[in-house]
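*Asks:* Pasting a predicted model and its sequence here:
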Number of protein chains: 2
Amino acid sequence: MREGYTVAVVGAGLVGDRIVAELRRRDFPLKELRVLARTARRATLAGEEFEVGVAEPEAFDGVDIAFFAGTEGEKGAAVQLAGEAISRGAVVIDNGSDFRMDPEVPLVVPEVNAGAAKDHNGLIANGNCSTIQMVVTLAPLAREFGIEKVIVSTYQAVSGSGRGGVEALEDGREGVYPKPIDRNAIPLIGGVGDDGYTSEETKMRLETRKIMGLPDLEVFATAVRIPVHTGHSESVYVELGREATLDEVVEALRSAPGVTFSGDADDFPTPLEAAGDPNTFVGRVRVEGNVAQYWCVSDNLLKGAATNAVQIAEELVGVRV
Amino acid sequence: MREGYTVAVVGAGLVGDRIVAELRRRDFPLKELRVLARTARRATLAGEEFEVGVAEPEAFDGVDIAFFAGTEGEKGAAVQLAGEAISRGAVVIDNGSDFRMDPEVPLVVPEVNAGAAKDHNGLIANGNCSTIQMVVTLAPLAREFGIEKVIVSTYQAVSGSGRGGVEALEDGREGVYPKPIDRNAIPLIGGVGDDGYTSEETKMRLETRKIMGLPDLEVFATAVRIPVHTGHSESVYVELGREATLDEVVEALRSAPGVTFSGDADDFPTPLEAAGDPNTFVGRVRVEGNVAQYWCVSDNLLKGAATNAVQIAEELVGVRV
């Protein structure tokens, strides 16, 4: 391990902010930290002042690791610039969706498939926010019991749409969502494909299969936006590979890496409590035969984006916090 | 059919208000309309001034039909008074949950099992709000394809908890919900049983089986409160008795009584739009093999309570609007 790395964060939105915060909080070995965006400006990220540089090819000279924040609405930065960064010697960790399903690109959630991070060609993809927290909770069940079918309905926060989502909720900003989000629920995240699924729902199916290495896993997702700031929630139904008891399922979840189990008796996690925490919270566990159901909540900007990305970088450089 | 009926509405909360509104809107043949509550007072229901009487046995003298509004938190009125009303010649239509699973009591959603209303011993139960809108949408699928398994996650409005729920959302009133509801999601509606399911989730399983006459139907529900005023939404996954095409499923839903189909292309219903309408809205239909998924939304105070109750009364007296 070297003494410190030159790291670039591309994107000064909510996810860029949280990547800077997580690099600091987890004490990632930094030699230099650059923030890049479409235009140069002064900006505050995670309470720290930055002279934001322009995200152009030369800005990646000397960079060891480049995080592309790539939230919804900021697509394309990685498509345009990842190759330039890689050719200059950087490893790119991309939070956007452009490369996730590329068979040459590892798609990594370290609690599930950390080893895949080593096998890259310069680019590693971060999973979709809704997918990451789900696979963190499915992985221990798959290890212990096997899993055959997953049916999930999401309750997603507006910060998944970046600052525009927060403004749509708080100020009624138009153009971000197809209908008002305050005091409402919008069952449409992303565009609709020919099969009727939204892009968010298709991501949850395909990314889950890839990350878990289960190409035949049945996944049926319905993705819904609700008037919550930060913290995605999910109602998960899983058919296990064998019958299990409640105690067995709880024990598998309670001991899983990255999981905070808060589901004894009628306790349960909510997004207001999960926001700001890098773990995925699980509660409301019910088991009948080979069917397990639970509720999981995670900060979509942290484990759903920034924390997972920084964990991938830690895998690369061989540090663990 | 007689010229008009003497009707009592017991409960002057949100559901009582909507029962009065629906009796007027649907032009139910009334001779007299009494509103009864715990204490006598003047009150405005559906824009109309009432001298609210005390709900005591003698208040039911001469009543033909008594609606017990019985929302959450107002339990017990039917348990205490339904017998008195029945012994005085009234038929009781109870919106509460006390008698729904009594094998002697019909549990009726007219679009699904109207005939059951005739076979009563003085008391007919109205279904749980979340259950009613689900069975309205499941019934056409059961008729056309058969149904074997239902997995549902709900997105329920605070008005399901009466005025207290609305105050919890708007004014942060404590004691209504176990955690703050504004900008949050609470996956716990009702008490938790030994099996880990909440009473709301168990109602959705047992009432669905009874209303649909399918005692072996598999139903797995997760019931969640979200910061919406009025209009429950549901993400429904159904395993049909045979493979079907998208067109077949859409046609079955589109032509179903009580259903407004608003799901062509990327259109979809939301609670803000469904509130105030007595129908159940369906959209986001997806079909793969024998699996159908959709999103349904209905006004929990109307079809989920008042409209359904007044429809039951119409069945009794032989009017259809």
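*Replies:* Received it, and whenever you're ready, just let me know what you need.
*Asks:* counting contacts, what elements does the helix ranked longest in chain A pack onto?
*Replies:* Ranked by residue count and defined by DSSP state H, the top helix of chain A is helix A:129-145. On a contact count with 3 or more Cβ pairs under 8 Å, 6 or more residues apart in numbering or on different chains; DSSP states H and E, helix A:129-145 meets helix A:110-113, strand A:147-155, helix A:199-212, strand A:232-240, helix A:246-254, strand A:259-261, strand A:280-288, strand A:291-298. Heads up, the C-betas are built off the backbone N, CA and C, glycines and all.
*Asks:* could I get those as CSV with mean pLDDT and mean neighbour count?
*Replies:* CSV is the format used below for these (pLDDT from 0 to 100; neighbours: other Cβ atoms under 10 Å in any protein chain shown):
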stretch, mean pLDDT, mean neighbour count
helix A:110-113, 98, 21
strand A:147-155, 98, 24
helix A:199-212, 98, 22
strand A:232-240, 98, 25
helix A:246-254, 97, 18
strand A:259-261, 97, 22
strand A:280-288, 97, 24
strand A:291-298, 98, 27
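*Asks:* quick one on the thing from earlier: now do the longest helix of chain A and strand A:280-288, the angle between them.
*Replies:* 50 degrees (axes from the mean of the first three to the mean of the last three Cα atoms, to 10 degrees).
*Asks:* Now find how far off-centre helix A:129-145 is within its chain.
*Replies:* Its chain's average C-alpha position is 13 Å from that of helix A:129-145, according to Cα atoms, centre = their mean, to the nearest Å.
*Asks:* Reformat the helices and strands packed on helix A:129-145 as TSV; add distance to B:Asp194.
*Replies:* TSV is the format used below for the helices and strands packed on helix A:129-145 (distance: least, Cβ to Cβ, whole Å):
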stretch	distance to B:Asp194
helix A:110-113	32
strand A:147-155	24
helix A:199-212	32
strand A:232-240	20
helix A:246-254	10
strand A:259-261	20
strand A:280-288	11
strand A:291-298	16
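*Asks:* Rebuild the ones you listed as a markdown table, extending it with distance to chain B.
*Replies:* Shown next, in a markdown table, are the helices and strands packed on helix A:129-145 (distance: least, Cβ to the nearest Cβ, whole Å):
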| stretch | distance to chain B |
| --- | --- |
| helix A:110-113 | 23 |
| strand A:147-155 | 4 |
| helix A:199-212 | 8 |
| strand A:232-240 | 4 |
| helix A:246-254 | 7 |
| strand A:259-261 | 14 |
| strand A:280-288 | 4 |
| strand A:291-298 | 4 |
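*Asks:* out of these, which comes closest to B:Val250?
*Replies:* Checking the helices and strands packed on helix A:129-145 against B:Val250 by Cβ to Cβ gives helix A:199-212 as the closest, at 18.1 Å.
*Asks:* Measure how that closest one sits relative to strand B:280-288, angle-wise.
*Replies:* Using the same axes, to 10 degrees: helix A:199-212 against strand B:280-288 is 40 degrees.
*Asks:* and helix A:199-212, what other elements does it pack with?
*Replies:* Against helix A:199-212 (3+ Cβ pairs under 8 Å, 6+ apart) you get strand A:107-108, helix A:110-113, helix A:129-145, strand A:147-155, strand A:218-222.
*Asks:* where does that helix sit relative to the chain's centre, distance-wise?
*Replies:* So, by Cα atoms, centre = their mean, the centroid of helix A:199-212 is 12 Å from its chain's centroid.
*Asks:* do the same with stretch A:46-57
*Replies:* Counting by Cα atoms, centre = their mean, stretch A:46-57 comes out at 22 Å from the chain centroid.
*Asks:* What helices and strands are in contact with the helix or strand of chain A with the lowest mean pLDDT?
*Replies:* Counting by mean pLDDT, DSSP states H and E, the weakest-scoring helix or strand in chain A turns out to be helix A:77-87, with a mean of 91. Here helix A:77-87 touches strand A:5-10, strand A:65-68, strand A:91-94, going by 3+ Cβ pairs under 8 Å, 6+ apart.
*Asks:* Let me have these in a markdown table, extended by distance to A:Ala77 and mean pLDDT.
*Replies:* As requested, the helices and strands packed on helix A:77-87 are exported to a markdown table (distance: least, Cβ to Cβ, whole Å; pLDDT from 0 to 100):
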| stretch | distance to A:Ala77 | mean pLDDT |
| --- | --- | --- |
| strand A:5-10 | 6 | 97 |
| strand A:65-68 | 6 | 97 |
| strand A:91-94 | 9 | 97 |
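*Asks:* right, so the ones you listed: which one is the most enclosed?
*Replies:* strand A:65-68 (a mean of 29; mean count of other Cβ atoms under 10 Å in any protein chain shown).
*Asks:* got the contact list for that strand?
*Replies:* A:5-11, A:16, A:19, A:60, A:77-78, A:81-82, A:85, A:90-96, A:309-310, A:313, A:316-317 (Cβ atoms under 8 Å, 6 or more residues apart in numbering or on different chains).
*Asks:* Which one of the helices and strands packed on helix A:77-87 lies nearest to B:Arg143?
*Replies:* strand A:91-94 (48.7 Å).
*Asks:* Off-centre distance for the closest one?
*Replies:* With Cα atoms, centre = their mean, you get 14 Å for strand A:91-94.
*Asks:* now swap in stretch A:15-33 and tell me
*Replies:* 16 Å.
*Asks:* same check, this time on stretch A:128-148
*Replies:* With Cα atoms, centre = their mean, you get 14 Å for stretch A:128-148.
*Asks:* Identify each buried residue in that stretch, please.
*Replies:* A:128-142, A:144-145, A:147-148 (16 or more other Cβ atoms under 10 Å in any protein chain shown).
*Asks:* quick one, the strand or helix carrying A:Val310 and strand A:291-298 angle?
*Replies:* Using DSSP states H and E, the element containing A:Val310 is helix A:307-317. Taking the same axes, to 10 degrees, one finds that helix A:307-317 is oriented at 90 degrees with respect to strand A:291-298.
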